[in-house]
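# From the sequence below, what's the structure:
(one chain, ligands or ions: 1)
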Amino acid sequence: MKNIAIIGGGPAASTLAILLCRGGCNVVMYFSPEQAPVLVGESLVPMIIPMLQDLGVEQEVADYSRYKPGACFSFNANEIFSFLFSDNPSDLPSYAYNVPRKDFNATLRNAAKKAGALLIEQKVELKGLPDEDAVQMDAASLQAAAECWDSAKPDLIVDATGRVRLINKLLNIPAEDGPRKDIALFAHVDQTQLVDKGYVHNDRLDQGWGWRIPLPGKVSLGFVVPAGYAEQAGSTPEEQYDKLLQSDQVLKVIAKDSKRITQVMRFDNYQSLSSRLKGNNWVLLGDSGGFVDPVFSSGMLIAMDSAYQLADTVLKRKPMADYEKAIKAHLEAWFEIVGYYYNGRLMTSFKVGEEFKEGPVGKLMVPWITKHMSRIFSGAAATRKVSLNLLRILVKYGLRDEDPKYFSVK
Ligand SMILES: Cc1cc2nc3c(=O)[nH]c(=O)nc-3n(C[C@H](O)[C@H](O)[C@H](O)COP(=O)(O)OP(=O)(O)OC[C@H]3O[C@@H](n4cnc5c(N)ncnc54)[C@H](O)[C@@H]3O)c2cc1C
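Reported below is the predicted structural model:
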């Protein structure tokens with residue numbers, strides 16, 4: 001497979017384009033300009049840092065982003081778990097960044113162009129050929145790529161269209177939705193209270209949870225709440241957001257003097273995993289294959305890590321089935337970890353660990369346990385079997401007599 005069409009201009013598409021160009025492929029990346037008036041402004045996890053270094057973009061990203069030394073999870077006014085990545089022994093970098101998203105996308109697209117990809121700003125139309133389990137690109141898109149490929153059509157079409165999920169919809173590929181039926185409402189505000197000006201803040205709300213992501217000059221403030229709860233607050237996203245800001249007991253404090261400076265965006269469907277990720281001439285990458293809700297800021301990591309795995313599959317001519325299996329396993333692991341946040345077991349086990357560490361056995365065990373647990377927040381737990389298995393044991397057997405409901409999220 002040498003001639004590759006990548007549809008999408010997000011981090012998954014650009015990362016793949018760079019890696020395939022380095023491996024000698026003829027890559028055309030089609031992207032439509034960003035339509036959304038507000039992008040989240042994502043918080044990255046440390047496990048992405050080696051990828052940014054490998055792609056040669058870390059310094060550029062650092063120049064316009066907010067340095068992120070740690071994270072903080074608050075459950076009540078007195079129960080705030082905050083930590084520096086550097087406090088916990090880990091083999092991963094001890095920092096990440098909160099990135100203004102348009103800049104981040106542009107940095108990666110420019111790097112793809114420099115690596116040799118042909119970038120075409122154009123919305124691709126696909127036709128489904130269900131009998132052949134294949135898709136076909138529109139004539140204008142094929143024509144625009146004629147100078148790049150040494151054949152009339154690509155050997156592989158990569159759908160990296162994010163939540164548009166172009167091929168899923170075209171071929172009616174079923175997706176499995178997660179157990180939560182939440183929606184997200186978000187906007188940028190001028191300021192909020194912050195424990196640290198770089199931390200990603202995760203706050204349990206009266207219902208659901210919210211994020212505060214400090215960006216240069218503003219804060220991305222969003223809520224993930226049950227749909228019915230938001231709808232009780234108003235009929236438009238703006239009404240819902242502004243009302244929750246005034247009525248939620250937690251937001252009333254942490255965002256007391258916040259002024260909204262953008263319109264409000266609303267996203268439905270937070271957890272989804274496509275039943276298939278590959279066909280005869282196509283493959284799904286990044287959010288188009290599946291996504292978990294962003295409680296641990298894992299989305300960009302999953303998207304970029306998938307690109308590394310797909311590049312490896314294509315360049316080493318491995319079976320696409322292996323790629324499909326690995327990505328599904330990665331997403332399923334995140335679903336599981338996110339589930340422990342919602343049912344309260346994760347934070348209960350942390351709290352018990354805090355008490356346990358004072359005893360003689362605790363003094364020996366807790367540093368080792370902490371090393372593995374810090375991998376959840378740095379993004380590595382889902383791919384490291386030992387850490388994931390240890391987490392499973394802790395959330396099942398390590399709660400002593402504490403009721404996990406105390407830390408659960410409604
Ligand atoms: C509310 C919310 C909060 C989040 N917070 C975080 C966070 O804090 N940290 C984190 O790591 N992740 C977060 N995520 C997840 C993260 O944003 C996604 O996982 C990530 O953007 C996925 O990247 P992608 O490249 O797969 O898709 P996208 O970034 O969505 O890119 C898809 C691209 O495809 C283009 N496209 C679509 N259709 C076509 C077409 N027909 N032709 C050409 N181009 C097309 C689009 O214009 C777009 O540029 C959050 C997500 C949401 C919704």
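# Identify the residues contacting I157.
By CB atoms under 8 Å, 6 or more residues apart in numbering, the contact list for I157 reads A5, I7, L126, V135, M137, I167, N281, W282, V283. Where you see a C-beta, it was placed from the backbone N, CA and C, and this is true even at glycine.
# Farthest-apart pair in these, please.
Farthest pair in the contacts of I157 (CB to CB) is M137 and V283. Separation: 14.4 Å.
# Distance-wise, check the residue nearest the centre of the chain relative to K197.
The centroid of the chain falls nearest to G299 when counting by CA atoms, centre = their mean (0.8 Å). According to CB to CB, to the nearest Å, G299 and K197 sit 23 Å apart.
# The ligand contacts on the stretch 301-410 of the chain?
For the stretch 301-410 of the chain, the residues in contact with the ligand (CB under 6 Å from any ligand atom) are L301, A303.
# same thing but at 5 Å, please
Contacts of the stretch 301-410 of the chain with the ligand, taken as CB under 5 Å from any ligand atom, map to A303.
# Low-confidence regions, this protein specifically.
The model of the chain has pLDDT under 70 over residues 34-35, 37-38, 88-90, 361-362, 364-366, 368-369, 371-373.
# In it, which residue sits furthest out from the middle?
P360 (38.7 Å).
# hmm, back to that, who's more crowded, M137 and V283?
V283 (26 against 22; other CB atoms under 10 Å).
# so who does the more buried one touch?
The contact partners of V283, by CB under 8 Å, 6+ apart, come to L156, I157, V158, D159, L277, L310, M320, Y323.
# Just read off the phi/psi values of the third one.
Listed backbone geometry of V158 is phi -100, psi 120, with angles given as degrees, to the nearest 10.
# now it: how far from A17?
Counting by CB to CB - V158 and A17 are separated by 9 Å.
# Could you check which of these two is surrounded by more residues?
The neighbour comparison of V158 against A17 (other CB under 10 Å) goes to A17, with 32 against 28.
# what does this protein put close to the ligand?
7-12, 30-32, 40, 42-43, 123-124, 161-162, 164, 184, 267, 286-287, 294, 297, 299-300, 303.
# wait, what's in contact with I173?
I173 is in contact with I167, S274, S275, R276, counting by CB under 8 Å, 6+ apart.
# do that again at 7 Å, thanks
With contact taken as CB atoms under 7 Å, 6 or more residues apart in numbering, I173 is in contact with S274, S275, R276.
# List just the nearest of these to F377.
Of the contacts of I173, the one sitting nearest to F377 (CB to CB) turns out to be S274, at 26.7 Å.
# In space, what's closest to the closest residue to the ligand within the stretch 51-200 of the chain - neighbours in sequence excluded?
As assessed by CB to the nearest ligand atom, the ligand sits closest to G162 within the stretch 51-200 of the chain, at 2.2 Å. Excluding its sequence neighbours, the residue lying closest to G162 (CB to CB, 6 or more residues apart in numbering) is D287, at 4.3 Å.
# gap between the one you found and S306?
Note on D287: its distance to S306, by CB to CB, is 9 Å.
# Buried residues in the helix or strand harbouring I393, which are they?
Per DSSP states H and E: I393 is located in helix 385-397. Residues of helix 385-397 classed as buried: S387, L388, L390, L391, L394, V395 (neighbour count, 16 or more other CB atoms under 10 Å).
# and if you look at stretch 224-244?
Going by neighbour count (16+ other CB under 10 Å), the buried part of stretch 224-244 is V224, V225, Y229, A230, A233, P237, Q240, Y241, D242, L244.
# ditto for stretch 398-410
G398, L399, E402, P404, F407, S408, V409.
# so the last one touches N202, yeah?
No - counting by CB atoms under 7 Å, V409 stays clear of N202, with 10.0 Å between them.
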